[in-house]
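Engineer: Whatever this is, show me its structure:
(chains A and B)
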Amino acid sequence: MLQTRPEPGAAQPYTFPKPQRLQVGGGTVVAIDVPGQSFAAIRLVQPAGGAAEPLDRMGVATLTGDVLEDGMHGNSSLAPALERHGAEWVSRVSWDGFVTGVDAPVNRITDATALFAEAVRTPALRAEDVLRRREQLLERFWLDVSQPSTLASRAVGGQLFTGRYATPLNGGPVRLADVTPEIVADFHARSIAGVAGTLVVVGDLSDVDLEALGRTVFGDAAPAEPAPVTPPERASGELPRILLLDRPGSVQSAIFMAHHAPSRSDIDLPRAEGMSDVLGGMFTSRLNMKLREELGYTYGVGCRFDLRRDSGVFYISTQVEAPTTAHSITASLEEIEKLRTDGVTEGELSAVRESNTVGLPVTYSTARSLAYAMVEMVVHDLPEDHVDRLRAGFERVTADDLRRAAVDYLKPEEVVAVVVGDAGQLEGPLRETGVGAVEVRDPESLWS
Amino acid sequence: MTTNGAAGQIGRFTLDNGLRLVTAPAATGQVAAVNLWYGVGSRHEVPGRTGFAHLFEHLMFQGSGNVKKSEHFDAVERLGGDINASTSSDRTNYFETVPEHALDLVLWLEADRLATLRDGMTQDVLDNQRDVVKNERRQRYDNVPYGTALERILRLGYPEGHPYHHPTIGSMEDLDAADLDYVLSFHERHYGPDNLVLTIVSSLDPEDVHERVKRYFGGIPARETVAEAPDATLDGPIGGPVRDMVVENVPAPAVFLGFRTPAYGEREFDAMLLASAVLGQGQGSRLYRRLVVERGLAADDGGGAADLLPFRYTPSLMLVNMIAREGVSGDELEAAILEEIVLLTQGISDEELERARAVLERDHLQSVAHPSGLADTIGSCTMLFDEPELAYTWPQRWAEIGTDEVVAAAKRLLGPENRLTVRFDPEETPAEAEGEPVGA
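Structural biologist: Next comes the predicted model:
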C-alpha cells in the first residue's frame, strides 16, 4: 500500500543572491531583488549598539530607539502614520548595531520610507515623550523579568562580565533611570541624526528607485565611523558556580548555563556552530534528546553562541520541572563532557553538513530573513559572499573539526548556571551536585 | 483541476480517498512548504479527556510503522528544513518547509504516520510525551504570571461541558489519565485522508505535485467511521457580566475582557475584527492612544490590546487585555477600558476605520508573504470555507464593511450582558472592590 521511502535526489546548488550596491551621498544602499515578493523589508544599519555606551549612559540606545516611534511630531505619532500605509516600524538595538526600518508593501515604499527617514533623522525628541517612554521601559523591565526564563537570561551578564555587559542591554531598571532627555538628544545628534549608515532593501524592486530611496534616507548625513572594539573585563568569582534566584512556589525552574566564548571575528563559525547544533541547536540534538525525549524533564532545551564584535557567550537554556533541576544541570554537563571526549557520530556530522548547506533556500525564503542576513553582514563587516563562504565551510567540516570545536569552545569548568526557581526546594539538591558554590539571591537585589 | 480568478494559480485536487490537495506558487524558488490541516482539534474532546488532540500532536512525531522515534524531525532538520505543528480548538496542523528536492521524502514521512502511526505507538512513548506536555503546560500556563488567563476566559465564555470550555493544553489530571487504547482509537477516528487538507507551496508544476501526492497518499483508505464533534451550538450573549478575580503573585494588575462574537467567517465577525483593530490594534488604536500615551494608565504593549480568537464552529471571542502601570489599580484600569468600549459603541470615524483596515491588511499580507504562511492560510481557507482562493482575497472582506456596520456590531455585542472579565491583582495589593462571583 505504502511506497518505499524515497531518497532525495541531489539538491539544487544554492547561491546567496548578489545584492545591488549603490553609493548614495554618505551612505550605501544594498538591495536584493525578489521578484513577486510584494512586501518589502527596509533596514537602516548604524554602528551605535549598546556595547559602545558609556557606563553613565547605559540604555540610551534602546531608549532612543523607542522614542523614535514618537516621530517628527512627537506624541507617538509615527506608528499611526505608517499604519495608514499598511507599513510597520521596525527597531532593534543590539550590542553592536542600531537598526531601524520599515516593512511595507512595495507599492507604498516611497511614502513609508519618507516617514521612516523623517523619524530617524529629525524626530521631535520632546522631553515629555522621552520621560514617558523611559518610565514605560523601566516598568516593562519588571514585567518582563516576571517571566522566569527572561530573568535568568538577563541575570547572566552580571555573572560573566564587569562594565557594560554586566547590565542588560536596555540599561536595566537602575541605570536606565539616569538617562535623561538631554542624554537622548545628545546621543541622537552624535550617533544617529548625522550618520548615514547602510540601507538594506529587500523585495520586488522592479518599480523601486533605489537611488531616490537612498537620498530620502541619507540626505546629507556623513559616512558612518567604524565602532570601536574593546575586549570587555570578566567578572570575578569562583567557577563553576550556581546563582539561585529565589522565586518561591515555582513549579518549574528556568536554567541558563553560560560561559565566555570568542568574539565573532575570532571564532571559526562552521566548526563552532556545527558543534553547537549537535549539542543543542536542533530538535534532534543531544540535550533535547536527553532532557526532553528520554527523561521528560522539559518542553525543550537548546544552546547557542551569542557572538559580539568584542566577545562572545555560549549558553544552554531550558525550563524544567522543579524536582528535576539539579539533575538537569549535571546531565547537561555530562553531555558536554561526552561531546568533548568522544566527538560526534557520522550521522551527526552529516546532519550538520546537510542542514547548513542544502537548507539555505529555506533559511532565506522570506524578505525578512534575507534582510536580516544583510544586516548581520553590515554590522560585522562580513564580505558580500559571507553566506556562500559559510556554506563552503560547512561542506568541508569534518568529525574531527567538531570534536576539536567542543574542546576549544565548550568550557564546563567555567560555567555559571543561573537558576530561577523555588530556593527552599532547590538549594539543597543544587549544593549536592557538587558543581560549584551556590549563591541564593532575591532577584530584586540584582539591579539595586 | 479548478482555478479561480485572481488566485488563478491555485491548483485543487481531490484524491479518491477524500484527501484534498491544494497547490500554489512560492515567491522564492527552491523550496516546498508542506502544510497539513487535519480536521481535529480540542473541540472534539469530551470532559475527562481534555488535552488529547494536543498530546496527540506530540505523539505524531514519536515514530510510526516505518519511521523511528525522532526520525521525522531528524530527516527534516538535516535538510535545513523548518518543521513544527500546532493544535487549536478547530484543527491540528503539521507543517514543514524543505528544499524542493526533498518534497517526496516529506510526503512519504507524512503519509507513513497517517497510515501506520498505530504500529509505532508504545506505552513508553506515551509516558514520555505526557511528561513533556505537562512541562509545556507548566512553562506556558502554571509558572508564568497571568499564564492561566486563557483557561479562565474559556471557562467563563463557554458553559461547562461545551467543547470550547477548555484550552487545548488540557488539565494535568486528564493528561495523567490518557491511556494507550485511547491513543490508538483517537488516531483511527480522526486521522484519515478524508479529514485532511494538504497544501503545497512550491515552484513545481501542480500536476507534478498531484502525481506525487497520489503516489504517497493515494493508497491510504478513508476512515471507516467519520468521528462527530460534540455539539458546539451556542446562542445569545454570555449571560454576564461574569468575572473571575485572581489574587496571586503577579507583577501588576491585569484586565482581560471577553465578548462573544459570531463565528469566524461570518460577516459580523469581520465587523468585530475591524472594531477590535480600531480599539486596540496598532499604536494608532484608541486604547494605545488614550490609555498608554495620554493617560498613562496601561503598560506599553506596542498596540496589541484587542483581537479576536477565531472559532469556526461556535461563537468566537473578542479579547481585550491590558496591564496596569505602577500606582494604577486594576479597578481604575478596568473602568478606563470599559469607558473606551462604550465610546466605541457610540461611533468611529472613516479615518479610524481606514487605519484599521490597513493594519489588518498589513498583517494578512505579511503572513502570506512567505511560503509557510501562505500554505497555512490556504489550508485554513480550504478546511474551514472550502475556498483556498480566499487566502489571496481575504482583505476585500474588510473593504465592504463601513463605519455604521462596525458600530452597530459593537453596540450589539459589547454590552455587559455579553461580557466576561478575568482580573489579576498582585498579592500585596488585594483587589479594592468586591467582584461579582463567577457565573453571576
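Engineer: which residues of the stretch 51-200 of chain A fall in strands?
Structural biologist: A:88-93, A:98-105, A:198-203 (DSSP state E, counting those that start in this stretch).
Engineer: near chain A, which residues of the stretch 101-250 of chain B?
Structural biologist: By Cβ under 8 Å from any Cβ of the partner chain, the residues of the stretch 101-250 of chain B that approach chain A are B:101-102, B:104-105, B:108, B:111-112, B:115-116, B:127-136, B:138-139, B:142-145, B:215-216, B:219-220, B:249-250. From N, CA and C alone the C-beta is placed, and that goes for glycine too.
Engineer: which of those residues are buried?
Structural biologist: B:101-102, B:104-105, B:108, B:111-112, B:115-116, B:128-136, B:138-139, B:142-145, B:216, B:219-220, B:250 (16 or more other Cβ atoms under 10 Å in any protein chain shown).
Engineer: re the thing from before, point out the most buried one among the strands of the stretch 51-200 of chain A.
Structural biologist: strand A:198-203 (a mean of 28; mean count of other Cβ atoms under 10 Å in any protein chain shown).
Engineer: average model confidence for the helix or strand following it?
Structural biologist: Using DSSP states H and E, the next helix or strand after strand A:198-203 towards the C-terminus is helix A:210-218. Across helix A:210-218, the average pLDDT comes to 97.
Engineer: got the domain boundaries for chain B?
Structural biologist: B:3-218, B:240-426 (the TED database).
Engineer: Let me have these in JSON lines, extended by distance to residue A:146 and mean pLDDT.
Structural biologist: Output for the domains of chain B, formatted as JSON lines (distance: least, Cβ to Cβ, whole Å; pLDDT from 0 to 100):
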{"stretch": "domain B:3-218", "distance to residue A:146": "5", "mean pLDDT": "93"}
{"stretch": "domain B:240-426", "distance to residue A:146": "4", "mean pLDDT": "97"}
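Engineer: mind listing which of the buried ones among the residues of the stretch 101-250 of chain B next to chain A are in helices?
Structural biologist: Those of those mapping onto helices are B:104-105, B:108, B:111-112, B:115-116, B:128-136, B:216, per DSSP state H.
Engineer: Which positions are bridged to residue B:201 in the beta structure?
Structural biologist: residue B:24, residue B:33 (DSSP bridges).
Engineer: what's the distance between it and residue B:32?
Structural biologist: Counting by Cβ to Cβ, to the nearest Å, the separation of residue B:201 from residue B:32 is 7 Å.
Engineer: can you list residues touching both of these two?
Structural biologist: B:26, B:371 (Cβ atoms under 8 Å, 6 or more residues apart in numbering or on different chains).
Engineer: Mind checking which of these two has more residues around it?
Structural biologist: Between residue B:201 and residue B:32, counted using other Cβ atoms under 10 Å in any protein chain shown, the more crowded position is residue B:201 (30 against 27).
Engineer: ok so, going back, quick one, which of the domains of chain B is nearest to residue A:161?
Structural biologist: Set against residue A:161 and scored by Cβ to Cβ, these come closest in domain B:240-426, at 26.7 Å.
Engineer: distance between the ends of that closest one?
Structural biologist: Domain B:240-426 has an end-to-end distance of 25 Å (criterion: Cα to Cα, to the nearest Å).
Engineer: Just give the nearest non-adjacent residue to the residue in the stretch 251-400 of chain A that chain B sits nearest to, would you?
Structural biologist: Residue nearest to chain B within the stretch 251-400 of chain A: residue A:359 (0.9 Å; Cβ to the nearest Cβ). Nearest residue to residue A:359 in three dimensions, chain neighbours excluded: residue B:80, at 0.9 Å (Cβ to Cβ, 6 or more residues apart in numbering or on different chains).
Engineer: surely that neighbour meets residue A:355?
Structural biologist: Yes. With contact defined as Cβ atoms under 8 Å, residue B:80 counts as touching residue A:355 (4.3 Å).
Engineer: Is whichever residue of the stretch 151-300 of chain B sits closest to chain A in a helix, a strand, or coil?
Structural biologist: Closest residue of the stretch 151-300 of chain B to chain A, Cβ to the nearest Cβ: residue B:284 (2.9 Å). Three-state assignment for residue B:284 (DSSP: H, G, I helix; E, B strand; the rest coil): coil.
Engineer: For it, give me its contacts.
Structural biologist: So residue B:284 contacts A:79-80, A:83-84, B:303, B:355, B:359 (Cβ under 8 Å, 6+ apart).
Engineer: Using a markdown table, lay out these together with neighbour count and distance to residue B:60.
Structural biologist: Below are the contacts of residue B:284 laid out as a markdown table (neighbours: other Cβ atoms under 10 Å in any protein chain shown; distance: Cβ to Cβ, whole Å):
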| residue | neighbour count | distance to residue B:60 |
| --- | --- | --- |
| A:79 | 23 | 40 |
| A:80 | 21 | 44 |
| A:83 | 24 | 39 |
| A:84 | 19 | 43 |
| B:303 | 22 | 36 |
| B:355 | 22 | 41 |
| B:359 | 26 | 35 |
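Engineer: what two of those residues are the furthest from one another?
Structural biologist: Maximum distance among these (Cβ to Cβ): 13.7 Å, for A:84 and B:303.
Engineer: Make sure residue A:419 is indeed in a helix.
Structural biologist: No. Residue A:419: not assigned to a helix; according to three-state DSSP it is strand.
Engineer: Using CSV, please lay out the strands of the stretch 51-200 of chain A together with mean pLDDT and distance to residue B:392.
Structural biologist: Listed next are the strands of the stretch 51-200 of chain A as CSV, based on pLDDT from 0 to 100; distance: least, Cβ to Cβ, whole Å:
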stretch, mean pLDDT, distance to residue B:392
strand A:88-93, 95, 21
strand A:98-105, 96, 14
strand A:198-203, 97, 18
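Engineer: Any idea which of those gets closest to residue A:297?
Structural biologist: strand A:88-93 (32.9 Å).
Engineer: tilt between the closest one and strand A:98-105?
Structural biologist: 160 degrees (axes from the mean of the first three to the mean of the last three Cα atoms, to 10 degrees).
Engineer: what's the span of stretch B:193-213, first residue to last?
Structural biologist: Note: stretch B:193-213 ends 11 Å apart using Cα to Cα.
Engineer: What of stretch B:60-74?
Structural biologist: 14 Å.
Engineer: Contacts for it next, please.
Structural biologist: A:2, A:5, A:282-284, A:289, A:293, A:351, B:83, B:85, B:94, B:109, B:112-113, B:115-117, B:119-121, B:125, B:128-129.
Engineer: and those, which are buried?
Structural biologist: Buried, going by 16+ other Cβ under 10 Å: A:2, A:282-284, A:289, A:293, A:351, B:83, B:85, B:94, B:109, B:112-113, B:115-117, B:120-121, B:125, B:128-129, out of the contacts of stretch B:60-74.
Engineer: ok, and the closest non-adjacent residue to residue 172?
Structural biologist: Using chain A. Using Cβ to Cβ, 6+ apart, the nearest residue to residue A:172 is residue A:447, at 4.7 Å.
Engineer: Oops, wrong one, chain B.
Structural biologist: Closest residue to residue B:172 in three dimensions, ignoring its sequence neighbours and counting by Cβ to Cβ, 6+ apart: residue B:134, at 6.1 Å.
Engineer: check contacts around that neighbour.
Structural biologist: Per Cβ under 8 Å, 6+ apart, neighbours of residue B:134: A:321, B:172, B:175.
Engineer: Many thanks, I have nothing further to ask.
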